[in-house]
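1. Take this sequence and fold it.
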Amino acid sequence: MITRRFVFGALFSFSLATLPIAAENASNSTTAIDDGLNLRFANGIAAIVESKPITVDDIRREITPLIPSLQRECRNEQEFNVKLEALQDDIIQSLIDRELIVKEFYRKKDGEDEVRRIPSTYVDNRLDEIQAEDFGGDRSKFLAYLRARGITLRDYRTEVENDIIYQYMRGQQRRNQNIVSPVKIEQYYAENKDRFYQEDEAHMRLIQLNREEGESDLQLTTRATEIVNRVRNGERFDEIAKQYSKESRRARGGDWGWQKRPDLKKEFSEPLFALKKGEVTDPILLGDNCFVLFVEERKYAGTQTIDDVRDEIERILIQQMSRQSHERWLERLRRNGYVKHY
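-> Modelled structure (predicted):
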């Protein structure tokens, strides 16, 4: 049979059964915890996918790093055991799906005379990355890890190859769901207008002046008024803030980001939200400090227009379509594959 090289996109995310160092560290920290897998699957096998067994060791490698966070979430042992078994079931299904996806990659399509293969250089490069990232480039540590798992380099290479296939196939599914019709966007907007309501917000910059020794209120506010006049005459607020402000964000030009009216004290919110973009408040005297506020941008309370949120809706719908398509795809693979649970 003719084998053809299958060209992959250059950018993948790799989430191998690998992260061996992290998994090993997590395993060491949870050795006292009985995960119940040996009792639940006395023969050491949770499922058979085609001819590939899903073993207790496979499940344990995936679940061990997750146990500490699961313990923190649970209030008692009973809750922990229930959630642990549910997590085991999720991982078993995920491992089954992974095998079915890899099988689908190798399945010869109608009208094709060739079988898809991954160029060996892809696998070689990924193995080099794993040794460098997870074992500090020390091959002896890498080989010791394989011995500890009881697998050969050839076995591990197959794991790496299958992970590349898995990531590629999932990426293909996502890329197939990237077109949303304008009608669907408009329908989603009409049905979810409440979601696009926004409160009054102002992108605020601030200058703080501190009272100098012996300085009166009038003298302090006069210094602040000079700054206000400079801004109103066209000078950049952020540059003045870097030079004169005494608060923590002076290096960023006094940038405090987007602020909502209820999040600010009344002495700030009332003058700030009376302004438009590019306007500056009069001096605000509070105790031994005097403040000048500047509106970088403004958002006004109300429902955003469809043009304002079109890109956001498109992203939401693409994600929904991708999830639905992925589930339908997995259901088809599950129907057409051989899976035996124990």
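2. alpha carbons only for contacts and neighbour counts from here, please
-> Fine.
3. what ranges of the stretch 101-250 of the chain fall below the confidence cut-off?
-> Within the stretch 101-250 of the chain, the segments meeting pLDDT under 70 span 110-113, 176-178.
4. for Ile91, phi and psi?
-> Dihedral pair for Ile91: phi -70, psi -40, per degrees, to the nearest 10.
5. sorry, that was for Glu296
-> The phi and psi values for Glu296, taken as degrees, to the nearest 10, are phi -80, psi -40.
6. Now do the closest residue to it other than its chain neighbours against Ala241, distance only.
-> Nearest residue to Glu296 in three dimensions, chain neighbours excluded: His203, at 5.2 Å (C-alpha to C-alpha, 6 or more residues apart in numbering). Distance, His203 to Ala241, using C-alpha to C-alpha, to the nearest Å: 15 Å.
7. Between those two, which is the more surrounded one?
-> When neighbours are counted by other C-alpha atoms under 10 Å, His203 and Ala241 differ, and Ala241 comes out ahead with 25 against 18.
8. Is the more buried one within a helix or a strand, and which one?
-> helix 237-244 (DSSP states H and E).
9. Which strands or helices does that helix pack on?
-> In terms of contacts (3 or more C-alpha pairs under 8 Å, 6 or more residues apart in numbering; DSSP states H and E), helix 237-244 is packed against strand 201-210.
10. Any buried residues in the strand it packs on, and which?
-> 201-209 (16 or more other C-alpha atoms under 10 Å).
11. Stretch 57-66 too?
-> For stretch 57-66, burial by neighbour count (16+ other C-alpha under 10 Å) applies to 58-66.
12. The residues you listed in helices, which ones?
-> 58-63 (DSSP state H).
13. Mind putting these into a markdown table with distance to Thr222 and pLDDT?
-> Below are these laid out as a markdown table (distance: C-alpha to C-alpha, whole Å; pLDDT from 0 to 100):
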| residue | distance to Thr222 | pLDDT |
| --- | --- | --- |
| Asp58 | 72 | 91 |
| Ile59 | 70 | 93 |
| Arg60 | 70 | 91 |
| Arg61 | 68 | 90 |
| Glu62 | 65 | 90 |
| Ile63 | 65 | 91 |
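14. quick revisit: out of the buried residues of strand 201-210, which comes closest to Leu146?
-> The nearest member of the buried residues of strand 201-210 to Leu146, counting by C-alpha to C-alpha, is His203 at 54.4 Å.
15. for that closest one, which residues make a bridge with it?
-> Here His203 shows beta-bridge partners Trp258, Glu297, assigned using DSSP bridges.
16. Show the contacting residues for Ile45.
-> By C-alpha atoms under 8 Å, 6 or more residues apart in numbering, the contact set of Ile45 is 53-56, 342.
17. between those residues, which has the most around it?
-> For the contacts of Ile45, neighbours tallied by other C-alpha under 10 Å; top is Ile54, 22 neighbours.
18. what's the angle from the helix holding Ala241 to strand 201-210?
-> On the basis of axes from the mean of the first three to the mean of the last three C-alpha atoms, to 10 degrees, helix 237-244 is oriented at 20 degrees to strand 201-210.
19. quick revisit: against Tyr156, how distant is the residue nearest to Glu296?
-> His203 is 53 Å from Tyr156, by C-alpha to C-alpha.
20. returning to that earlier point: how about TSV for the buried residues of strand 201-210, with distance to Ala274 added?
-> Output for these, formatted as TSV (distance: C-alpha to C-alpha, whole Å):
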residue	distance to Ala274
Glu201	11
Ala202	10
His203	13
Met204	13
Arg205	15
Leu206	16
Ile207	18
Gln208	20
Leu209	22
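21. and of those residues, the nearest to Glu85?
-> Nearest to Glu85 among those, counting by C-alpha to C-alpha, is Glu201 at 45.9 Å.
22. residue ranges of the helices in the stretch 1-150 of the chain, please?
-> Counting by DSSP state H, counting those that start in this stretch, the stretch 1-150 of the chain has helices at residues 20-29, 37-40, 56-63, 67-73, 77-106, 120-135, 139-149.
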